[in-house]
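**Student:** Build me a model:
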Amino acid sequence: MAFDNSPFRYGQQQQPATGYAGTQVEVDQGLRSFMLGVYNNMIVGLGISGLVALGLNMASVAAYQGTRPVLTPFGAMLYTSPLKWLLMLAPLAFIFVFSFRMDRMSASSARMMFFAFAAVMGASMSTLLLVFTGASVVQVFFITAAAFGGLSLYGYTTSRSLSGMGSFLMMGLIGIVIASLVNIFLASSAMQFAISVLGVLIFAGLTAYDTQKLKEMYLYGGFDGEMAAKMSVNGALTLYLDFINMFQFLLSLVGDRR
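**Tutor:** Got it, this is the predicted structure:
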């Protein structure tokens with residue numbers, strides 16, 4: 001299932017905000033500091049997700065029969081009882097909390113909420129380690145990291161406006177969410193393959209698009225201090241979701257199943 005923080009996607013700004021001042025050097029330094037904050041928060045979030053997923057997997061699997069995991073009582077409670085629905089839906093609940101409370105949060109509260117969301121997302125993603133081999137998960141993670149880094153760098157450095165991609169990518173995202181829900185009932189492997197291919201392409205495009213929008217948002221938004229720190233967390237959440245969704249779709253395509 002794809003997650004997206006659509007309520008946070010920012011509109012395109014055409015002109016610098018009124019009253020924005022500063023030399024080019026100051027602007028460049030401020031932009032680098034802002035983007036570094038975005039990436040640092042995102043990396044910490046990914047680290048939290050990975051540690052939580054690994055910790056839950058270690059606590060949930062007693063042994064392997066061949067490649068098939070044998071669950072501990074804790075694992076059985078977590079993955080085979082109704083608690084599994086809480087595990088699946090909790091990240092979505094955090095997204096809604098962010099969408100309704102972000103404006104009223106301080107930067108520190110928003111950061112802690114993001115890290116809590118990353119922990120919950122890690123718990124939800126721990127099921128991937130039951131379905132795919134550990135080596136496959138690690139391999140696809142590094143492939144995703146390399147692709148994400150290249151795409152984000154492209155979005156940051158390109159002088160070409162990617163704004164035209166935004167509406168197309170969002171329509172595609174809505175399409176794969178609907179298709180994923182339909183395929184829960186159809187259980188079509190061919191449809192799942194098509195969804196995964198489209199998912200990788202859409203979130204690859206969103207990585208470049210969102211990076212460019214974050215850069216433009218800083219340059220034309222005219223904010224600093226507390227607001228800049230809060231928007232840094234928002235940007236980290238956006239890129240974190242791009243990364244996680246691209247990783248999951250890519251894993252579904254090329255991962256080795258147990």
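**Student:** switch to C-alpha atoms for all contacts and neighbour counts from now on
**Tutor:** Fine.
**Student:** can you give me the helices for this structure?
**Tutor:** With DSSP state H as the definition, the chain shows helices at residue ranges 24-60, 73-80, 83-101, 107-125, 128-131, 134-157, 163-186, 189-221, 225-254.
**Student:** Quick one: mean pLDDT for the last one?
**Tutor:** Which is helix 225-254. The average pLDDT within helix 225-254 is 93.
**Student:** which sections of the chain are below the confidence cut-off?
**Tutor:** 1-22, 222-223 (pLDDT under 70).
**Student:** sorry, back to before: compare the helices of the chain and report which one is nearest to Thr67.
**Tutor:** Closest approach to Thr67 among the helices of the chain (CA to CA): helix 128-131, 9.4 Å.
**Student:** outside of the closest one, which residues touch it?
**Tutor:** Asn57, Pro69, Val137, Arg257, Arg258 (CA atoms under 8 Å, 6 or more residues apart in numbering).
**Student:** which one of those residues is nearest Lys230?
**Tutor:** Val137 (31.8 Å).
**Student:** Contact partners for the closest one?
**Tutor:** Leu128, Leu129, Leu251, Gly255.
**Student:** how near is the second one to Met227?
**Tutor:** Note on Leu129: its distance to Met227, by CA to CA, to the nearest Å, is 38 Å.
**Student:** Between the two, which has more neighbouring residues?
**Tutor:** Legend: neighbour count by other CA atoms under 10 Å for Leu129 and Met227, higher for Leu129 (21 against 14).
**Student:** Looking at the contacts of Val137, state which has the most neighbours.
**Tutor:** Busiest of the contacts of Val137 [other CA under 10 Å] is Leu251, holding 24 neighbours.
**Student:** In contact with it, which residues?
**Tutor:** Shown in contact with Leu251 (CA under 8 Å, 6+ apart): Ser136, Val137, Val140.
**Student:** Can you tell me which of those lies closest to Asp242?
**Tutor:** Val140 (14.8 Å).
**Student:** The closest one against Ser252, yeah?
**Tutor:** No: Val140 is not in contact with Ser252 according to CA atoms under 8 Å; the separation is 9.8 Å.
**Student:** before we move on, back to that, compile the contacts of Leu251 into a markdown table and extend it with columns for distance to Ser167.
**Tutor:** Shown next, in a markdown table, are those (distance: CA to CA, whole Å):
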| residue | distance to Ser167 |
| --- | --- |
| Ser136 | 33 |
| Val137 | 31 |
| Val140 | 28 |
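**Student:** Closest to Ile195 out of those?
**Tutor:** Nearest to Ile195 among the contacts of Leu251, counting by CA to CA, is Val140 at 17.6 Å.
**Student:** can you count the residues close to that closest one?
**Tutor:** 20.
**Student:** Leaving out sequence neighbours, find the closest residue to it.
**Tutor:** Leu251 (6.1 Å; CA to CA, 6 or more residues apart in numbering).
**Student:** measure the one you found to Phe98 for me?
**Tutor:** From Leu251 across to Phe98, the span is 27 Å (CA to CA).
**Student:** who touches Phe132 in this structure?
**Tutor:** Gly255, Asp256, Arg257, Arg258.
**Student:** Out of those residues, which end up buried?
**Tutor:** Gly255, Arg257 (16 or more other CA atoms under 10 Å).
**Student:** can you put the contacts of Phe132 in a markdown table and add distance to Ala119?
**Tutor:** A markdown table is the format used below for the contacts of Phe132 (distance: CA to CA, whole Å):
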| residue | distance to Ala119 |
| --- | --- |
| Gly255 | 23 |
| Asp256 | 25 |
| Arg257 | 24 |
| Arg258 | 25 |
